[in-house]
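1. Quick one, what's the 3D model for this:
(one chain, ligands or ions: 1)
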Amino acid sequence: MTTPAYSPGLEGVIAGETAIGTVEGGLSYRGYFVGDLVEHASFDETAYLLLHGELPTAAQLAAFRERVAAARRLPPPLKDLLAALPKWTAPLDALRTSVSALAHFDQDASDLSHDANVRKAERLLAQIPVAIADHYHLSRGGNPLPARQELDTAANFLYMIRGTDPSPEEVKALDVSLILYAEHEFNASTFAARVIASTLSDLHCAVTGAIGALKGPLHGGANEKVVDILTAAGDTPEAVEKWVRDALARKERIMGFGHRVYKTGDVRAGILKTFARKVADAAGTAGIEDRADVIERVMAAEKNMYPNLDWPAGRLYHAMRLEIPLYTPIFAMSRITGWAAHVIEQLDHNRLIRPRALYTGPARRPVTPIGERG
Ligand code: CMC
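-> Next up, the predicted model:
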């Protein structure tokens, strides 16, 4: 048996094939550059593209949105479960529990066929924002709001959280962030989902595992750290600059910066920055954008390191006055499209994902009977 090449963290390793998205030449989904999708399409159209392979016609989009809107509700026993969770349960953990529980109520749960997977994916796309919003209200002793069928994913989510109509600018900015978060080839959570699917497990299991992988601050959890950093950094440009230099001297990681693949910048961060600034200006929180600029300047000069998407996303959601523990669940509410597309692709052309490990333990040795040990 030959020993295959080893790359720590699988850096640079091609671990499989995909026709869904690529980071080569700037991120694109099924051949469309994300910047063009932001300019010419909505998140709902992008979700259709990822799940069905092509951008929808107007009629296809209308039918898709109708199916998704009709599925925007949770089985009552799941609502009872969410209400019974300890009050300190993190929203992302409640979402992981919700997706796992939703499997029990989905008649297609164990059907691995392409069509059943697409049906389940559309339902999860509808149910995930509802699970986030319902848990949000139930955890405060409040009553969840019914979904609004006529609204798209972004507007319905903001409505379900706040109970008031969001401004068109906020809906647009959230929608753009959802487009940018939707897909990112073999990132940690998507790869986790594919590994699970490759055992011929099902979509709900794969998505439950993906949410677990998303939680960590080196992945989706980073967007929840951004506001803490900007709050801790201080108010004046001088204080912010000192804070970031001191943090780097202590070898701390500045969450929202750096990327395994993008070493000269993340195109998504540049796109969302404009929207974060616009919403912050309208909300009267532009100071945080100015502080972010200082940190960006120091990170580029000192570390040659640039923002990733979580950097403007955390600021945007803060400017929208959304509570910090909702930020990673919002990422999941978008990435469900990429996860599901990858699980479908994996199951359509499955081969078990089972790499090798480079063994670093003791050489083969005899077992000493217990009475002779020590
Ligand atoms: N701030 C300060 N130093 C950093 C950072 C950072 N954000 N990221 C990496 N470094 C340093 C790290 O300390 C290490 O230094 P040294 O060589 O002196 O030990 C060096 O850069 C290489 O780090 P690494 O972890 O081996 O690099 P990687 O390519 O594996 O890391 C990363 C990629 C995203 C895990 C890392 O950049 C990081 O931890 N960033 C902060 C968390 C973050 O923003 N995550 C979101 C990623 S993108 C969107 C998403 O998937 O959610």
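2. Which residue does this protein have closest to the ligand?
-> Closest contact between the chain and the ligand, by CB to the nearest ligand atom, is at Gly258 (2.3 Å). To be clear about C-beta, it is placed using only N, CA and C from the backbone, and glycine gets the same treatment.
3. Tell me how many other residues surround that residue.
-> Look at Gly258: counted by other CB atoms under 10 Å, it has 19 neighbours.
4. Then the one 4 residues further on?
-> Residues within reach of Tyr262, counting by other CB under 10 Å, total 18.
5. Close to the ligand: what parts of the chain are there?
-> Taking CB under 6 Å from any ligand atom as the criterion, the chain approaches the ligand at residues 9, 187, 218-220, 222, 253-260, 303, 305, 308-310.
6. now the residues you listed: which count as buried?
-> When the residues of the chain next to the ligand are checked for burial by 16 or more other CB atoms under 10 Å, the buried set is 187, 219-220, 222, 254-259, 305, 308-310.
7. what residues are up against the residue of the chain closest to the ligand?
-> Contacts here follow CB atoms under 8 Å, 6 or more residues apart in numbering; on that basis Gly258 touches 303, 305-306, 308.
8. would TSV of those residues with secondary structure and pLDDT be doable?
-> Converted to TSV, the contacts of Gly258 look like this (DSSP: H, G, I helix; E, B strand; the rest coil; pLDDT from 0 to 100):
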residue	secondary structure	pLDDT
Lys303	helix	97
Met305	coil	97
Tyr306	coil	98
Asn308	coil	97
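9. Among the residues you listed, which one lies nearest to Leu158?
-> Of all the contacts of Gly258, Leu158 sits closest to Asn308, with 23.9 Å by CB to CB.
10. From what I see, that closest one and Val261 are in contact.
-> No: shown here, Asn308 and Val261 do not form a contact pair, counting by CB atoms under 8 Å, at 9.9 Å.
11. I'd like the buried ones among the residues of the chain next to the ligand laid out as CSV, including secondary structure.
-> Shown next, in CSV, are these (DSSP: H, G, I helix; E, B strand; the rest coil):
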residue, secondary structure
Asn187, coil
His219, coil
Gly220, helix
Ala222, helix
Ile254, coil
Met255, coil
Gly256, coil
Phe257, strand
Gly258, coil
His259, coil
Met305, coil
Asn308, coil
Leu309, coil
Asp310, helix
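12. between those, which is closest to Asp235?
-> For these, the nearest to Asp235 is Ile254 (18.1 Å; CB to CB).
13. residues contacting that closest one?
-> Contacts of Ile254 (CB under 8 Å, 6+ apart): 229, 244, 247-248, 295, 299, 305.
14. Quick one: the helices in the stretch 201-350 of the chain, in order.
-> With helices called from DSSP state H, counting those that start in this stretch, the stretch 201-350 of the chain shows them at 203-214, 226-232, 237-249, 267-283, 286-303, 310-319, 327-348.
15. Pick the most buried one from those.
-> Most buried of the helices of the stretch 201-350 of the chain by mean neighbour count (mean count of other CB atoms under 10 Å) is helix 310-319; its value is a mean of 28.
16. now for that one, which elements pack on it?
-> Helix 310-319 sits against helix 168-181, helix 226-232, helix 267-283, helix 286-303, helix 327-348, with contacts defined as 3 or more CB pairs under 8 Å, 6 or more residues apart in numbering; DSSP states H and E.
17. Helix 327-348 and that one, what's the angle between them?
-> With axes from the mean of the first three to the mean of the last three CA atoms, to 10 degrees as the basis, helix 310-319 and helix 327-348 are set at 130 degrees to each other.
18. Skipping its backbone neighbours, what lies nearest Tyr136 in space?
-> If the residues on either side of it in the chain are set aside, Tyr136 comes closest to Ile161, at 6.0 Å by CB to CB, 6 or more residues apart in numbering.
19. try Leu81
-> Closest to Leu81 by CB to CB, 6+ apart is Ala101, at 6.2 Å.
20. Give me the below-cutoff pLDDT ranges for this structure.
-> Scanning the chain for pLDDT under 70 picks out 1-3.
21. In the chain, spot the helix with the most residues.
-> Determined from DSSP state H, the single longest helix within the chain is helix 114-138.
22. Let me see the contact set for the spatially most central residue of the chain.
-> Geometric centre of the chain, nearest residue: Phe331, 3.2 Å, by CA atoms, centre = their mean. Residues near Phe331 by CB under 8 Å, 6+ apart: 181, 214, 220, 223, 313.
23. where's it relative to Ile344, distance?
-> Relative to Ile344, Phe331 is positioned 20 Å away (CB to CB, to the nearest Å).
24. Same check on Met160?
-> Met160 is 27 Å from Ile344, by CB to CB.
25. cool, Glu241 as well?
-> The gap separating Glu241 from Ile344 is 47 Å, by CB to CB.
26. And Ile336, by the same measure?
-> Going from Ile336 to Ile344 by CB to CB gives 12 Å.
27. any shared contact partners between those two?
-> Residues touching both Ile336 and Ile344 (CB under 8 Å, 6+ apart) are Ala121.
28. Please tell me I have it right and Tyr48 contacts Phe64.
-> Yes: with contact defined as CB under 8 Å, Tyr48 and Phe64 form a contacting pair (5.1 Å).
29. Between these two, which contacts overlap?
-> Joint contacts of Tyr48 and Phe64 (CB under 8 Å, 6+ apart) are Pro56.
30. Which one of these two is surrounded by more residues?
-> Per other CB under 10 Å, whichever of Tyr48 and Phe64 has more neighbours is Tyr48, with 25 against 19.
31. who's in contact with the more buried one?
-> 55-56, 60-61, 64.
32. Just put the residues you listed in a markdown table and tack on secondary structure.
-> Shown next, in a markdown table, are these (three-state DSSP):
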| residue | secondary structure |
| --- | --- |
| Leu55 | coil |
| Pro56 | coil |
| Gln60 | helix |
| Leu61 | helix |
| Phe64 | helix |
